[in-house]
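**Student:** give the three-dimensional model of this entry:
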Amino acid sequence: MPAEARLSLLVALEDRPGALEQALSAFTAAGVNLTHIESRPALGASFDFFVDCEGDRDDPAVKAAITALEPLAEKLLILDRQEVPWFPRHISELDLLASHTLDAGAELTADHPGFKDTDYRQSRARIDALARAYHHGAPLPEPDYSMEETATWQTVYTKLRKLHAAHACNAYERAIAELEAEAGFGAAQIPQFTAVSDFLKERTGFRLRPVSGLLGPREFLAGLAFRVFFATQYVRHHSRPLYTPEPDVCHELIGHAPMFADAAFADFSQEIGLASLGASDQDIEALSRCYWYSVEFGLLREGEGLKAYGAGLLSSFGELEYACGRGKDGRLPDYLAWDPAAAADRPYAITEYQSGYFVAPSLQQAKRRMRSFCRDLPRPFYARYNDTTERIWVDRAVRRQQLD
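**Tutor:** I've put the predicted structure just below:
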């Protein structure tokens, strides 16, 4: 039986003791596994039960269950699959999303620091081509970085690590120390994606996947459901090593990668990804804001101070100090208790410092609150990732819309 085979039924039962038990026994006797059931009162003395089960209408076991149900039910309907936005069902289908970039790695705008630098643009084009050629299961591409690009990494890494000592959360500091010891992290050279990805996979099951540019939020969040982090490999321009107009390898490896070694943070990230699968555009926007105010710009209260766990802070020289209590021009940002519902309702700034930051008491607490928020979303189905089959399991019969 195909892993995604599901059938939805509407079963109207008389409102009497034992009616539901009799109906469910039809599935048990036929050996059909139920994945979802909910009840709704109907007109008169009856109840409607919506049932999802494994299999399809041509399966002999399902046919047997339906035959047994018919004399018990006042009404029995086989429902069409609910149509939802396309989402990947197997990890290999992330290949279909990787090209959905909003900003391509090789296409620079006129205000980009490297726009007039021919050598830089050629390097970006080579790295862009490596990412576009990658497919699931292939060895991760390892760009041949120039001395100039390596020097930029060295500047960024050295300056940021000095700030991390004062402002990074404990989980980040533990993880980056292990990365330095085991995965080639350090100022001397840009770490290899393979070594970093293998390190993360061993600890939390997360892995890196190269992408040529910034993905749309639906596509990017879908990767998190599979414990896959889409990451760029190009380097910001050497003329402005402390600034980048888009995520680059410094942001991805220094900002994001260490936190994915923490189990609570990894689960937190995957929770957002699973909730995004098949979600409405409105809920994608809500989840994107939650991601922004946590995975990118989240703070923890550790001891007497504020510590960063968000990659946007951990890879930013000025905003890291600003967010952790230094302020700017004598003004401090707003500090809000981590509440995903409030974060989902709060727009964010991309080109300037945030006006406020959400603070969680711990990564475990942040995860629990995010899980509760995702559970309460009006999701079209419940999704779970099976890391053995690398496939998404869903509890209801759904039809994916055509992928653009």
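**Student:** mind checking pLDDT for the residue located most distally from the centre of the chain?
**Tutor:** The outermost residue of the chain, judged by C-alpha distance from the chain's mean C-alpha position using CA atoms, centre = their mean, is Pro71 at 45.9 Å. In this model, Pro71 is scored at 92, pLDDT.
**Student:** I'd assumed it was in a strand, is it?
**Tutor:** No: read with DSSP: H, G, I helix; E, B strand; the rest coil, Pro71 is coil and lies in no strand.
**Student:** how far away is it from Ala23?
**Tutor:** Pro71 is 11 Å from Ala23, where distance means CB to CB, to the nearest Å. C-betas here are computed from N, CA, C, even on glycine.
**Student:** and Asp395, by the same measure?
**Tutor:** With the distance defined as CB to CB, Asp395 ends up 18 Å from Ala23.
**Student:** and the two? Which one has more around it.
**Tutor:** Here Asp395 and Ala23 are set side by side on neighbour count (other CB atoms under 10 Å), and the busier one is Ala23, at 21 against 17.
**Student:** that one: helix or strand, and which one exactly?
**Tutor:** With secondary structure defined by DSSP states H and E, Ala23 is part of helix 19-30.
**Student:** now do the buried residues in the helix or strand that comes right after that helix.
**Tutor:** If you walk from helix 19-30 toward the C-terminus, the next helix or strand you reach (DSSP H and E) is strand 34-41. Residues of strand 34-41 classed as buried: 35-37 (neighbour count, 16 or more other CB atoms under 10 Å).
**Student:** ok, stretch 377-384 next?
**Tutor:** When burial is assessed from 16+ other CB under 10 Å, stretch 377-384 yields the following buried residues: 377, 379-383.
**Student:** how about the strands of the stretch 151-300 of the chain, start to end?
**Tutor:** Taking DSSP state E, counting those that start in this stretch as the test, the strands found in the stretch 151-300 of the chain are 207-210, 213-215, 228-231, 299-302.
**Student:** what are the pairing partners of the second one, and which direction each?
**Tutor:** Same thing as strand 213-215. Paired strands of strand 213-215, with direction, are strand 101-104 (antiparallel) (DSSP bridges).
**Student:** give the rounded mean pLDDT of the partner strand.
**Tutor:** When pLDDT is averaged over strand 101-104, the result is 70.
**Student:** same deal with stretch 331-338?
**Tutor:** Rounded to a whole number, the mean pLDDT of stretch 331-338 is 92.
**Student:** ok, back up a step: so which of the buried residues of stretch 377-384 comes closest to Glu83?
**Tutor:** Of all the buried residues of stretch 377-384, Pro380 has the smallest distance to Glu83: 9.0 Å, by CB to CB.
**Student:** the closest one and Leu277, how far apart?
**Tutor:** 9 Å.
**Student:** next SSE after the lowest-mean-pLDDT helix or strand in the chain?
**Tutor:** The element with the least model confidence among the helices and strands of the chain, by mean pLDDT, DSSP states H and E, is strand 101-104, at a mean of 70. Reading on from strand 101-104 to the C-terminus, the next helix or strand found by DSSP H and E is helix 118-133.
**Student:** where do the helices sit along the stretch 201-350 of the chain?
**Tutor:** Per DSSP state H, counting those that start in this stretch, the stretch 201-350 of the chain has helices spanning 217-225, 249-250, 263-276, 281-291, 311-314, 317-321, 340-344. These are given in chain order.
**Student:** go through the buried residues of strand 34-41 and say which is closest to Asp387.
**Tutor:** Asp387 lies nearest to Thr35 out of the buried residues of strand 34-41, by CB to CB, at 19.1 Å.
**Student:** contact partners for the residue sitting nearest the centre point of the chain?
**Tutor:** Closest residue to the average C-alpha location of the chain: Leu224 at 2.8 Å, with CA atoms, centre = their mean. Residues near Leu224 by CB atoms under 8 Å, 6 or more residues apart in numbering: 269-270, 272-274, 276.
**Student:** from the chain's centre, how far out does stretch 257-272 sit?
**Tutor:** A distance of 9 Å separates the centroid of the chain from that of stretch 257-272, by CA atoms, centre = their mean, to the nearest Å.
**Student:** list the contacts of that stretch.
**Tutor:** The set of residues that contact stretch 257-272 without belonging to it, under CB under 8 Å, 6+ apart, is 171-172, 175-176, 178-179, 196, 199-200, 203-206, 208, 221, 224-225, 227, 229, 231, 287, 290-291, 294-295, 309, 311, 314, 362-364, 366-367, 370-371, 374, 385.
**Student:** can you pull out the strands in the stretch 301-404 of the chain?
**Tutor:** According to DSSP E, counting those that start in this stretch, the stretch 301-404 of the chain carries its strands in the segments 305-308, 334-337, 356-360, 383-386, 391-394, 398-400.
**Student:** what would these look like in JSON lines with distance to Cys324?
**Tutor:** Conversion of the strands of the stretch 301-404 of the chain to JSON lines gives the following (distance: least, CB to CB, whole Å):
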{"stretch": "strand 305-308", "distance to Cys324": "5"}
{"stretch": "strand 334-337", "distance to Cys324": "10"}
{"stretch": "strand 356-360", "distance to Cys324": "9"}
{"stretch": "strand 383-386", "distance to Cys324": "34"}
{"stretch": "strand 391-394", "distance to Cys324": "37"}
{"stretch": "strand 398-400", "distance to Cys324": "43"}
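**Student:** thinking again about what came up before, buried subset of the contacts of stretch 257-272?
**Tutor:** Among the contacts of stretch 257-272, those classed as buried by neighbour count (16+ other CB under 10 Å) are 171-172, 175-176, 179, 196, 199-200, 204-206, 208, 221, 224-225, 227, 229, 231, 287, 290-291, 294-295, 309, 311, 314, 363, 366-367, 370-371, 374, 385.
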